[in-house]
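>>> What would the 3D arrangement of this be:
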Amino acid sequence: MSQAVAEPVPAPAARRAPPFRRLLDSAGTVGLALIVPLLLLLFWHLAVAGGMTQLIPSPYDVAEYMVDFAWGGIWDDAFSGTLLIHLVASATRVYGGFALAALCAVPLGILIGRVPLIRDLLDPFLQLMRPIPVTAWLPLSMILFGLGPRSAFFLVFLGAFYPILLNTIFGVRSVETRLFEAASMLGCRGNAQFFKVVLPASLPSIFTGLRLGLGLAWFVIVVGEMTGVPQGLGAVIMDARTLSRTELVICGMIVIGIAGFISDRIVLALMNRLLRWSPQHHG
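Here you go, the predicted model:
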């Protein structure tokens, strides 16, 4: 007597959502993200319209000058249509200083985290240097590297270095002992454990440091471009401050914020791709 076997029916929760549902979810996420900026814009507009401040331009004035800053044709001054030039100059310094900081900080952090002798030798000195603010290095950087892009590059490097270093050390030292024991039972011993255990387990902390370091690199670029560079968003903000061009200062701030946000999304996308194997990682 044959017995009918029912085909397994996937649970509703396991079924993939239809495209329009995923689109609605994405639209809802974007809508939630826009609530706070729109409320701030509304408060900004009401504060200016109500006479709460006489020195801050309205959102409309800033938007008008942003268009002129990007494409020109409205005010036709020295800053009209120069946004791309200044953005590329700043991005070159930010990504260059950040890349050098990552190349130095990640290997050094791994060594400090894994080798007690290196940790005892370098960690006290680095902890002594870390609290010194980047602004305190500004005069010394101009003496060492002169006026211009090299000083800005050094300051960006300095701003990004310590977050990457500290998070790398934390990630390496936080690897659980049982992972080494499990790897040894599976035949993974010696230097192979670094690539099979240490590096994968510390990657989340390393990426956290990279995100913090890149954010601070964009933060420091304004200070870095106070060293006499002719082009760059920080140089624009400093010139606008001298000329009392508040709308241009705000335009520079907005561009830096957007560039920093896009940079962070790129690092986050790379992290999500490299850590998709991890059950603890949820993007």
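>>> just checking, what packs against the helix or strand containing Leu42?
Leu42 belongs to helix 19-49 when assigned by DSSP states H and E. Helices and strands touching helix 19-49, by 3 or more Cβ pairs under 8 Å, 6 or more residues apart in numbering; DSSP states H and E, are helix 59-71. Any C-beta I mention is one placed from the backbone N, CA and C, and that applies to glycine too.
>>> For the helix it packs on, enumerate the helices and strands it packs against.
Judged by 3+ Cβ pairs under 8 Å, 6+ apart, the packing partners of helix 59-71 are helix 19-49, helix 83-114, helix 246-274.
>>> and the helix holding Leu42, what's its mean pLDDT?
Here helix 19-49 scores 81 as its mean pLDDT.
>>> One more: stretch 258-272?
93.
>>> Show me what it is in contact with.
Contact with stretch 258-272 is made by 87, 90-91, 94-95, 203-204, 207, 210-211, 214-215, 218-219, 281, 283, as judged by Cβ atoms under 8 Å, 6 or more residues apart in numbering.
>>> Distance from the chain centre to that stretch, please.
7 Å (Cα atoms, centre = their mean, to the nearest Å).
>>> Then stretch 245-259?
Between the centre of stretch 245-259 and the centre of its chain there are 17 Å (Cα atoms, centre = their mean).
>>> Same check on stretch 197-210?
Mean-position distance between stretch 197-210 and its chain equals 16 Å (Cα atoms, centre = their mean).
>>> Counting neighbours, which bits of that stretch end up buried?
197-198, 200-210 (16 or more other Cβ atoms under 10 Å).
>>> Equivalent analysis for stretch 224-243, please.
224-227, 229, 231-240.
>>> for those, which one is nearest Leu147?
Distance to Leu147 across the buried residues of stretch 224-243 (Cβ to Cβ) is lowest for Thr227, with 5.7 Å.
>>> The buried residues of stretch 224-243 in helices, which ones?
Gly224, Leu233, Gly234, Ala235, Val236, Ile237, Met238, Asp239, Ala240 (DSSP state H).
>>> ok, now which ones touch the fourth one?
In other words, Ala235. Counting by Cβ under 8 Å, 6+ apart, Ala235 has contacts His86, Glu225, Met226, Val229.
>>> List just the nearest of these to Gly171.
Glu225 (31.8 Å).
>>> ok, now how distant is that closest one from Ile258?
Note on Glu225: its distance to Ile258, by Cβ to Cβ, to the nearest Å, is 17 Å.
>>> Low-confidence stretches in the stretch 101-250 of the chain?
177, 179-196 (pLDDT under 70).
>>> Just the pLDDT for Met52.
Looking at Met52, the pLDDT reads 82.
>>> Residues contacting stretch 148-162 from elsewhere in the structure, which ones?
93-94, 96-98, 100-102, 104-105, 126, 130, 134, 137-138, 141-142, 144-145, 213-214, 216-217, 219-221, 223-225, 227-229, 232, 234.
>>> Buried among those residues? Need that as a selection in ChimeraX.
What follows is the ChimeraX syntax selecting those of the contacts of stretch 148-162 that are buried according to 16+ other Cβ under 10 Å:
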select :93,94,96,97,98,100,101,102,105,126,134,137,138,141,142,145,213,214,216,217,219,220,221,223,224,225,227,229,232,234
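>>> ok, for Leu155, nearest residue in space, not its chain neighbours?
Gly224 (3.9 Å; Cβ to Cβ, 6 or more residues apart in numbering).
>>> Surely the one you found touches Arg93?
Yes: here Gly224 lies in contact with Arg93, judged by Cβ atoms under 8 Å, at a distance of 6.5 Å.
>>> The helix or strand harbouring Leu121 versus helix 83-114: what angle between them?
Element membership for Leu121, per DSSP H and E: helix 116-129. Angle of helix 116-129 versus helix 83-114, following axes from the mean of the first three to the mean of the last three Cα atoms, to 10 degrees, is 140 degrees.
>>> how far does helix 116-129 sit from the chain's center?
Distance, centroid of helix 116-129 to centroid of chain: 26 Å (Cα atoms, centre = their mean).
>>> Name the residues of that helix that come out as buried.
Buried-residue list, helix 116-129, by 16+ other Cβ under 10 Å: Arg119, Leu126.
>>> list the contacts for Phe219?
Phe219 touches Gly159, Gly260, counting by Cβ under 8 Å, 6+ apart.
>>> Could you measure from it over to Arg114?
Counting by Cβ to Cβ, the gap from Phe219 to Arg114 is 30 Å.
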